[in-house]
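Undergrad: give the three-dimensional model of this entry:
(one chain, ligands or ions: 1)
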Amino acid sequence: MKNIIQDKWDVILQALKNEHDISDVSFRTWLLPLEVYDVKDNLITILINDKQIGSDSINFIRRKYGLPLKVAIEEVTNKNYEIEFILGSKAEKLHKEDSNTTSSNHNNTNTALTPTNAYPFLNPRYTFDTFVVGANNNLAHAASLAVAESPAEVYNPLFIYGGVGLGKTHLMHSIAHFILKNNPKAKVLYVTSEKFTNELIESIRNENSNPSQFREKYRNIDVLLIDDIQFIIGKESTQQEFFHTFNTLHESKKQIIISSDKPPKDIETLEERLRSRFEWGLTVDIQSPDYETRMAILKKKEELDGLHIDNEVMKYIATNIKSNIRELEGALTKIDAYSKLEKKEITVELATQALKDLISPNDKKEITADFIAQIVSEHFNVTQAEMLSSKKSRNIAYPRQITMYLCRKMTELSLTDIGKKLGNRDHTTVLHGIDKVTKDLEKDQTLQNAIEVLTKKINPQ
Ligand SMILES: Nc1ncnc2c1ncn2[C@@H]1O[C@H](COP(=O)(O)OP(=O)(O)OP(=O)(O)O)[C@@H](O)[C@H]1O
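TA: Numbers count the residues shown, from 1 in each chain. Purely as a prediction, here's the structure:
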């Protein structure tokens, strides 16, 4: 038989949401999955589904939502209850004895971040709202959201790892957006470790610039998100500088979020002192998505891009592209472009034709010019359309030349073929581009770093 709390549970949650202006994603992640497990006298036991959000979430939910939930219950029922949270996985073992370990240790202090200017570069599309949660990433998602709601209070640092193109950057940008939305004055800095390295090199090399400017920039922020940390590995001076940045921020209770392709223990050349610091907080992983999640991601992308693609075609893509979400999304874009170019309706047959380079029968993926162009354009924040256009401004022409260089190095394509793929350019233009990049590489360390990062992203083995 249902009790009054269970009867009114939806009303209680809604009251809580409205009262505290809780975002939809936070509501969906933390509150909707809560279940009333038991009500005895004035003690309500609430079940947390730790399979979905991880057992660490119990402390976060207790701290962040314990008191507001208690108040909402009192408002709706006119009765004062104590509440206690338990993990779903431990529920069977529960001794239902009276306990006062409820929200009494709850701490509702609101730590507003120091108001200063925010200056991140963030992709507006990478938010929690556009992030599809599945079994492969639910723990990473929950931990990211907890950090976004309570920076420097829960997991510090938060270390997110996973294979190429599985959503690490998307999650990091989501955290930054969320924090800035709550507090537009927070100083949030998102950088790739490559950029961190380049800026450090620049500050050491450039006589006019003062190394302390570099330090000031990195140590006077509220939240540092550093993406693809694996690329500073092996660079001793960068590791050393990062170590000091980390310590300064951590000591002054600033949030640090790090992403990598491997967990700290598997990064061979990582200095021991950094490794142990990375493990101070919480380490979460993102795995390859299962079929249902792949379908959900494709549907989300279809909706966001305003495409209309037949379900059978979606199934074809989701069945055949398994391990990389970037490729999954790229496939959808490619099919759409192919159908426009050929002026044909999108069918499974057309999809098979359009994706023949991506989906080969023995599942051995070819590195294509399209894929290289996609990775390079993401890296330099230009669109693929701009890359293929006739624009000659340096910020577009240089990534284009880098694409030419990488196509030459990483594929079997001829100069003529590369030119065709990159907006129908002739082979002398391609040759010129490749020569330029080759020459620059001899002396430009920033470019060397970029090529190293791009090569690893294109071909992770
Ligand atoms: N769960 C998800 N829901 C929706 N889109 C996703 C999801 N995961 C990844 N994506 C999309 O897949 C693409 C690649 O993701 P992202 O760049 O975040 O991967 P990454 O793990 O940082 O890759 P890399 O290791 O190459 O840096 C992005 O366009 C991102 O929006």
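Undergrad: how many neighbours does the residue of the stretch 51-200 of the chain found nearest the ligand have?
TA: When you check the stretch 51-200 of the chain against the ligand by CB to the nearest ligand atom, the closest residue turns out to be residue 167, at 2.7 Å. (C-beta placed from N, C-alpha, C; glycine too.) Using other CB atoms under 10 Å, residue 167 is surrounded by 23 other residues.
Undergrad: does it touch residue 130 like I think?
TA: No - using CB atoms under 8 Å, residue 167 and residue 130 do not qualify as a contacting pair, with a distance of 10.5 Å.
Undergrad: surely residue 51 meets residue 88?
TA: Yes - contact between residue 51 and residue 88 holds when scored by CB under 8 Å: they sit 6.5 Å apart.
Undergrad: still on that earlier bit, show me the contacts for the residue of the stretch 51-200 of the chain closest to the ligand.
TA: With contact taken as CB atoms under 8 Å, 6 or more residues apart in numbering, residue 167 is in contact with 131, 137, 140, 286, 325.
Undergrad: next, give phi and psi for it.
TA: Dihedral pair for residue 167: phi 110, psi 10, per degrees, to the nearest 10.
Undergrad: and for residue 261?
TA: Geometry field for residue 261 lists phi and psi as phi -90, psi -10, criterion degrees, to the nearest 10.
Undergrad: ok, it - contacts?
TA: Contacts of residue 261 (CB under 8 Å, 6+ apart): 161, 162, 163, 164, 228, 230, 460.
Undergrad: how deep is the residue in the stretch 351-461 of the chain that the ligand sits nearest to tucked in, by neighbour count?
TA: Per CB to the nearest ligand atom, residue 457 is where the stretch 351-461 of the chain lies closest to the ligand, at 4.8 Å. Here the count is done by other CB under 10 Å, and residue 457 has 21 residues near it.
Undergrad: for the stretch 151-300 of the chain, which residues are neighbours of the ligand?
TA: Taking CB under 6 Å from any ligand atom as the test, the list of the stretch 151-300 of the chain residues beside the ligand reads 162, 164, 165, 166, 167, 168, 169, 170, 228, 261, 297, 300.
Undergrad: the second one and residue 371, how far apart?
TA: In this case it means residue 164. Shown here: residue 164 relative to residue 371, a distance of 11 Å by CB to CB, to the nearest Å.
Undergrad: those two: who's more crowded?
TA: When residue 164 is set against residue 371 and neighbours are counted by other CB under 10 Å, the residue ahead is residue 371, at 24 against 18.
Undergrad: for the more buried one, pull up the helix or strand it's in.
TA: Residue 371 is located in helix 369-380, with elements delineated by DSSP states H and E.
Undergrad: which other helices and strands contact that helix?
TA: Contact here means 3 or more CB pairs under 8 Å, 6 or more residues apart in numbering; DSSP states H and E; on that basis helix 369-380 packs against helix 325-342, helix 384-388, helix 394-410, helix 415-421, helix 445-458.
Undergrad: which is the next helix or strand following the longest one?
TA: The reference is to helix 325-342. Next helix or strand after helix 325-342 toward the C-terminus (DSSP H and E): helix 348-354.
Undergrad: buried sites along that next one?
TA: By neighbour count, and taking 16 or more other CB atoms under 10 Å as the criterion, the buried residues in helix 348-354 are 350, 351, 354.
Undergrad: so which elements touch that helix?
TA: Helices and strands touching helix 348-354, as assessed by 3+ CB pairs under 8 Å, 6+ apart, comprise helix 311-320, helix 325-342.
Undergrad: who's in contact with the first one?
TA: The contact list for helix 311-320, computed with CB under 8 Å, 6+ apart, reads 291, 294-295, 298-299, 302, 328, 331-332, 335, 346-348, 351-352, 355, 359.
Undergrad: and for residue 316, the neighbour number?
TA: Residues near residue 316, counting by other CB under 10 Å, number 20.
Undergrad: any idea how far it is from residue 357?
TA: From residue 316 to residue 357 the distance is 15 Å (CB to CB).
Undergrad: of the helices and strands packed on helix 369-380, which is nearest residue 177?
TA: Distances from residue 177 to each of these were compared using CB to CB; the shortest belongs to helix 325-342, at 18.8 Å.
Undergrad: and the pLDDT for the residue of the stretch 351-461 of the chain closest to the ligand?
TA: We note a pLDDT of 84 for residue 457 in this prediction.
Undergrad: spatially nearest residue to it (excluding sequence neighbours)?
TA: The shortest distance from residue 457 to any residue other than its chain neighbours is 5.1 Å, reached at residue 375 (CB to CB, 6 or more residues apart in numbering).
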